Every structure is written in C-alpha cells, then in structure tokens.
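**Q** Show me how the following folds:
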Amino acid sequence: MPSLHHRERHNSHRVGWLRAVVLGANDGTISVSSLVVGIAASGANHQTLLLSALAAIVAGAMSMAAGEYVSVQSQADTEAADLARERQELALDPGGELAELTEIYRQRGLEPALARQVAEQLTLHDALGAHARDELGLSEILRARPIQAALASAASFAAGALLPLLTILLSPPAKISQITTAVALLALMALGGLAAWAGGAPIRTASLRMLFWGGLAMGLTALVGRVFGAAV
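**A** Next up, the predicted model:
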C-alpha cells in the first residue's frame, strides 16, 4: 500500500541561489587565479601580486553583486509588471480570464467540462496565483530575488578568490604560478562537481567542463603576461 506521506525530492528550488553561488565562486577562482598567474608570468614581485589579488577581489565582488542585482531586478520588475497587468485584467474581465484559464487546462489534456471546473475552483481559491502560475509561468520557487542574488554572488566570488590569495601568502615566490594553477584547477573541479551534485546533474561532466575552461583562462592569461611582460 503506498504511503500517504510520500515525498519526492526535486532540485528546482535550488536553481536561483545555486546559479548565483556557483557563478560567483567560479568567477572568483578563475579571474583572480588567472590574474595572479598572468602577473607572475610577467615577472612581477610578491608585493605586486598580493596587491593585485586584493584589488581584484574587491572589484570583482562588487562587480558581481552589481551585475547580478541589476539583472535579477530587471527580471523582478518584469514579473511585477506582468502581475499588475494580470490583476487589472481579472478586475476588468473576470469572465474572459476564466475562459482563458479553462483553455489552458484543456490544452494540457483535461476534458472541457473538467477544465472549466478546475479553472473555477482555482479562481475562487486564488485567481491571481492561478494565472501567475499557469498563464505566466511564475512561481514562488523561481521568483526573482535581486538582493539575495547580489549578496550570494559577492560572497561566493570572495570565497572563490580566497584560494589564489592564500597561495600568494603561503607559496614560495618562485612557485606561486604553478601552485596557484594547480590549486585553482582542483577547486574548479570541486565546484563543478558540487554544483552538479546539488542540481542532480552528471558530476564528472560538470567537473571536466570547469577544468577545461579554467585551464584555458589561466593558460591564455599566462601567455599574455609572459609575452607583454618580456616586452616591457
């Protein structure tokens, strides 16, 4: 006999914050590590590397926060405008909105009479909520949260950027570039695997993807630092 308290585990509720956190940490690790590797390849001294990394952490965290806030706030503004328009339509033409909701359920496979009954029941319970969910595709789980996204992006960027900063502080000056690269690549693989695990995606594929792009970014930056550093 099936359990009356059966619960299913889904990962969609993690999409919003997971995207911001993984993007921030990934960007912090890649950008600051690449900067450190590139400047180290140019022959810069230990103090210059440390100052550059600190400046990159502050600038990067603020940039991530501002960019994420503006992006998600734009989404939130669009959602608010759509809800306001839907609220007005419900007030001006409730019959037309009920027919629209009925047609949505009919197209999803319900018999016309049942679709009408479902639309009527949901309209009585929460008309705006029903239209937001089934007509506009908006839900509480995926609702835009700009401040949360901005804070998560800034904090995760700083957390990811701490790794290259620590390598500067703890590594022998002659080995900073090599150690930073190795630590960053391991961290990126771990981030990719963690994000995949949390989202229910293949872990190996995500880890290798992060490894490839992180290695490419640091390799190109090191090449630039070596070429232009030697030319100065």
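**Q** going forward, measure contacts and count neighbours with C-alpha atoms only.
**A** Noted.
**Q** Just checking, which helix or strand succeeds the host helix or strand of residue 85 along the chain?
**A** Following DSSP states H and E, one finds residue 85 within helix 46-92. With elements assigned by DSSP H and E, the helix or strand that comes after helix 46-92 is helix 94-107.
**Q** how much does the helix or strand following that next one deviate in direction from helix 94-107?
**A** Next helix or strand after helix 94-107 toward the C-terminus (DSSP H and E): helix 112-134. Counting by axes from the mean of the first three to the mean of the last three CA atoms, to 10 degrees, helix 112-134 points 100 degrees away from the direction of helix 94-107.
**Q** Can you name every helix or strand that the helix or strand just after helix 112-134 contacts?
**A** The helix or strand immediately downstream of helix 112-134 is helix 146-170, counting by DSSP H and E. Applying 3 or more CA pairs under 8 Å, 6 or more residues apart in numbering; DSSP states H and E, one finds that helix 146-170 contacts helix 15-41, helix 46-92, helix 176-199.
**Q** Need those helices in CSV (columns: mean neighbour count).
**A** Output for these, formatted as CSV (neighbours: other CA atoms under 10 Å):
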stretch, mean neighbour count
helix 15-41, 24
helix 46-92, 17
helix 176-199, 20
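**Q** TSV for those, including distance to residue 125?
**A** Shown next, in TSV, are those (distance: least, CA to CA, whole Å):
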stretch	distance to residue 125
helix 15-41	28
helix 46-92	14
helix 176-199	32
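**Q** which stretch in the ones you listed has the least confidence?
**A** Mean pLDDT is lowest for helix 15-41 among the helices and strands packed on helix 146-170, at a mean of 79.
**Q** now that one and helix 46-92, what's the angle there?
**A** Put simply, helix 15-41 runs at 160 degrees to helix 46-92, going by the same axes, to 10 degrees.
**Q** now helix 15-41, how far from the centre of its chain.
**A** In terms of CA atoms, centre = their mean, to the nearest Å, the centre of helix 15-41 is set 12 Å apart from its chain centre.
**Q** and if you look at stretch 122-138?
**A** On CA atoms, centre = their mean, the centre of stretch 122-138 falls 27 Å from that of its chain.
**Q** buried stuff in that stretch?
**A** Neighbour-count burial for stretch 122-138 flags 122, 123, 127, 128, 129, 130, 131, 132, 138 (criterion: 16 or more other CA atoms under 10 Å).
**Q** Pretty sure residue 62 sits against residue 154.
**A** Yes - counting by CA atoms under 8 Å, residue 62 does reach residue 154; the two are 6.3 Å apart.
**Q** Could you pull up the contacting residues of residue 204?
**A** By CA atoms under 8 Å, 6 or more residues apart in numbering, residue 204 lies in contact with residue 193.
**Q** does it sit in a helix or strand, and which one?
**A** Applying DSSP H and E as the criterion places residue 204 in helix 203-231.
**Q** tell me which residues in that helix are buried?
**A** Neighbour counts over helix 203-231 (16+ other CA under 10 Å) mark 203, 206-208, 210-211, 214-215, 217-219, 221-222, 224-226, 229 as buried.
**Q** ok, residue 103 touching residue 115?
**A** Yes - counting by CA under 8 Å, residue 103 touches residue 115, with 7.4 Å between them.
**Q** what residues are up against residue 55?
**A** If a contact means CA under 8 Å, 6+ apart, then residue 55 has no contacts.
**Q** Look up how far residue 147 lies from it.
**A** Taking CA to CA, to the nearest Å as the criterion, residue 55 is separated from residue 147 by 23 Å.
**Q** cool, residue 132 as well?
**A** Look at residue 132 and residue 147: by CA to CA, they are 22 Å apart.
**Q** just to revisit the earlier point, neighbour count: residue 103 and residue 115, which is higher?
**A** For residue 103 versus residue 115, neighbours defined as other CA atoms under 10 Å are more numerous around residue 115 (21 against 16).
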